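Asker: below: sequence and its predicted model.
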Amino acid sequence: MAPLLSVHDLRVRLGDAQVVNGLSYEIDAGETVAIVGESGSGKTMSALAMLGLIPRPPAVVSGEVHFDGAELVSATPAHLRAVRGAGMAIVFQDPMTSLNPVLTIGRQLTEGMEVHLGLSGRAARERAVELLEMVGIPDPRHRLDEYPHRLSGGMRQRVMIAIGLAAHPRVLIADEATTALDVTIQAQIIELLGRLQQELDMALIWITHDLGVVAGIADRVLVMYAGRVVEHGTVDAVFDAPQHPYTRGLLRSIPVLGQHADALPSIPGTPPDPENLPPGCPFWPRCEVRADDRCRGEVPPLREVAAGHLVATFEKERV
Amino acid sequence: MSATVAPTSTPLPARQGGETLRLLVRNRIAVVALAVLVAFIVVAVFGKALAPYGYNSVDVADRLQGPSVHHWFGTDELGRDVFSRVLLGAAVSLKVGAVAVGISLVVGVPCGLIAGFYGGVLDDVIMRVMDVLFAFPAILMAIAVLAILGPGSTNAMVAIGIVYIPIFARVTRAAVLPVREEVYVRAARASGASDLRLMRRHLLPNVLGPIIVQTSISFAFAILSEAALSFIGLGTQPPHPSWGLMLSDGTDFINQAWWMVVFPGAAIFVVVLAFNILGDALRDTLDPRQRSLIRNARGA
């Protein structure tokens, strides 16, 4: 059976900048895939491109995105609108700016239902109350008529999730959904999304730069660097036996509780300019291994080092 | 009071009607202006019942009488009661203001929304057309439109409405540009909203503030323009009462009958001033930065 969502060789170019460079992955209902990488590695862009949310032109998008039996890169605007919200929904990063300040919570919640489910009036309100209850907002009936500025950041993020769920999406994309929140609220939101995913049998794509979050919730991890996937595998495989020097660097730079360190190890240098990518491996300038002469001139292809564990490096397998 | 001052970085919901009204009421001059406008509307609607005489009840025996108990504002060259005609003229002014501003709003706001939302070529085309319209002096433009349509109060409303379209288009477009980039607009698009829905439900409510202010100020302009057009004979036609027309008639008798120009002139002055003051006050209260200032300055 074909997977629910399959992305094949997705590329996004903005002017001279190649922001996503051949991204491929698949995800099925009930699965959680984490996409990890630094800012500018193309995580968010790849998600927006799937739903046609990057204006074209100026952006150039190629590759294939198969969702629910249809291809989305070449889809019509009407088809994309039908997929947005009902097929795939996005929960954005910043709960303080993602809600319209002049519309009540209720109106923003019922919007997706009006568009996709044809619900309005009382029926929509009832479902809105259910959704707010589902995401753990106390006194939901009363909250419907309030404006977003009355809610705290954590509450707003819950509302954002409720809005995302309004039209029964089959894939939920959480784009740094916990980054703007403090740690205790983060944990609540992560727990909430995990529970909702089980209940609703959704596929969850978790975009983050926080590896700590990934370890707790994801089934599989994609590590992106400069628009490319450099490592892809199950959470256990990637965390226990990271194969790419970049992944190893990332994992080393997580602080460990109880272990005193004067300075946290970091990866020297900065990500390459997407308008001016090096000819070979994009990580070469920062790499501590530089295994091979090919690194400078050739982009290492993704190869399978263990069942389901892919890595893009010329370095020999390490255990 | 300082505890309630909102940080200026977060946009304050423009939709808090209660809050806006509360702050507006603290501005005493604005309250007076509001009272004047309420009186103006009452007179415009119920003028027929309030006026002691008809607008065209000629009484040649009583012509050019000064203000008295029978004729509070005196009589004109045909013996018509100036007080009654000023009261009945309010309806003309209100109607002109409403229809003209209505036309400007209905055409200008969607033009500005579309231009601001889509940008690019569509924006260029719409706004250049607006620039061309805007390049002509307002009265000259209205006269040109009336030359095509022919004189008369209905045509004057249309002409004034056309003249003020570009202002609404510009105000709306300028307000849309920053809102268009907001994350919540992208979020709404990501949940499947169509362009029309985005404009209507997400952009429009966010740009209402400046549009409301512009509406109030344009009302004043429209009333003034109608008076000017009637004064030069292109607007309301005699014997119908229009403040501009009454002024025009009165100039011939300014040496014998000052009341023929002073009272309609004062009516124009008071109503236009009231609309302008209200527009200013609304601008202050709807602007989030000003809002906290007002709260501080006038806070008890």
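Answerer: Great, that's in hand.
Asker: so which residue is dead centre in chain A?
Answerer: Chain A has A:Ile207 as the residue nearest its centroid, 2.5 Å off, counting by CA atoms, centre = their mean.
Asker: residues in contact with it?
Answerer: By CB atoms under 8 Å, 6 or more residues apart in numbering or on different chains, the contact set of A:Ile207 is A:34-35, A:43-44, A:47, A:173-176. C-beta coordinates here come from the backbone N, C-alpha and C atoms, glycine included.
Asker: pull the most distant pair out of these.
Answerer: Taking CB to CB, the two most distant members of those are A:Ala34 and A:Thr44; they sit 13.6 Å apart.
Asker: now A:Ala59: phi and psi?
Answerer: In terms of degrees, to the nearest 10, the main-chain angles of A:Ala59 are phi -70, psi 150.
Asker: my guess is it contacts A:Ala17, does it?
Answerer: No: here A:Ala59 lies out of contact with A:Ala17, judged by CB atoms under 8 Å, at a distance of 9.8 Å.
Asker: nearest residue to residue 157 other than its sequence neighbours?
Answerer: Since no chain was named, I'll use chain A. Leaving aside its sequence neighbours, A:Gln157 sits nearest to A:Pro95 (CB to CB, 6 or more residues apart in numbering or on different chains; 4.1 Å).
Asker: look at chain B instead
Answerer: B:Val99 (4.1 Å).
Asker: next SSE after whichever helix or strand the one you found is part of?
Answerer: Secondary structure assigned from DSSP states H and E places B:Val99 in helix B:82-118. On the C-terminal side of helix B:82-118, the nearest following helix or strand under DSSP H and E is helix B:120-135.
Asker: and for that next one, what's in contact with it?
Answerer: With CB under 8 Å, 6+ apart, helix B:120-135 has contacts from B:111, B:114-116, B:141, B:162-163, B:165-167, B:169-170, B:173.
Asker: show me where pLDDT drops low in the chain?
Answerer: All of this refers to chain A. In the predicted model of chain A, residues A:1, A:259-263, A:291, A:316-319 satisfy pLDDT under 70.
Asker: sorry, I should have been clearer: chain B.
Answerer: For chain B, the stretches with pLDDT under 70 are B:1-17, B:287-300.
Asker: what segments of it are helices?
Answerer: Counting by DSSP state H, chain B has helices at residues B:17-26, B:28-50, B:82-118, B:120-135, B:138-149, B:153-163, B:165-180, B:183-190, B:195-197, B:204-231, B:243-251, B:259-286, B:288-298.
Asker: how distant is the third one from the center of its chain?
Answerer: Counting by CA atoms, centre = their mean, to the nearest Å, helix B:82-118 is centred 6 Å from the centre of its parent chain.
Asker: from the contact counts, what lies against it?
Answerer: The helices and strands touching helix B:82-118, judged by 3 or more CB pairs under 8 Å, 6 or more residues apart in numbering or on different chains; DSSP states H and E, are helix B:28-50, helix B:120-135, helix B:153-163, helix B:165-180, helix B:204-231, helix B:243-251, helix B:259-286.
Asker: and B:Val69, which of those is closest to it?
Answerer: Here helix B:259-286 is closest among the helices and strands packed on helix B:82-118 (CB to CB), at 14.2 Å.
Asker: is the closest one positioned near chain A?
Answerer: No: between helix B:259-286 and chain A, judged by CB under 8 Å from any CB of the partner chain, nothing touches; the nearest distance is 11.6 Å.
Asker: in that helix, what counts as buried?
Answerer: B:259-265, B:267-268, B:271-272, B:274-286 (16 or more other CB atoms under 10 Å in any protein chain shown).
Asker: now find how far off-centre it is within its chain.
Answerer: Counting by CA atoms, centre = their mean, helix B:259-286 is centred 10 Å from the centre of its parent chain.
Asker: again with stretch A:199-206
Answerer: 12 Å.
Asker: quick one: end-to-end length of it, please.
Answerer: By CA to CA, to the nearest Å, the extent of stretch A:199-206 from end to end equals 17 Å.
Asker: on that earlier part again, need the helices of chain B in CSV with distance to B:Trp72, can you?
Answerer: Formatted as CSV, the helices of chain B follow (distance: least, CB to CB, whole Å):
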stretch, distance to B:Trp72
helix B:17-26, 32
helix B:28-50, 12
helix B:82-118, 4
helix B:120-135, 42
helix B:138-149, 32
helix B:153-163, 26
helix B:165-180, 38
helix B:183-190, 56
helix B:195-197, 54
helix B:204-231, 21
helix B:243-251, 15
helix B:259-286, 9
helix B:288-298, 38
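Asker: picking up where we left off before, as TSV, the contacts of A:Ile207 with neighbour count, distance to chain B and secondary structure would be great.
Answerer: TSV is the format used below for those (neighbours: other CB atoms under 10 Å in any protein chain shown; distance: CB to the nearest CB, whole Å; DSSP: H, G, I helix; E, B strand; the rest coil):
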residue	neighbour count	distance to chain B	secondary structure
A:Ala34	26	20	strand
A:Ile35	28	17	strand
A:Lys43	25	15	helix
A:Thr44	23	11	helix
A:Ala47	23	9	helix
A:Ile173	26	9	strand
A:Ala174	29	12	strand
A:Asp175	21	10	strand
A:Glu176	19	12	coil
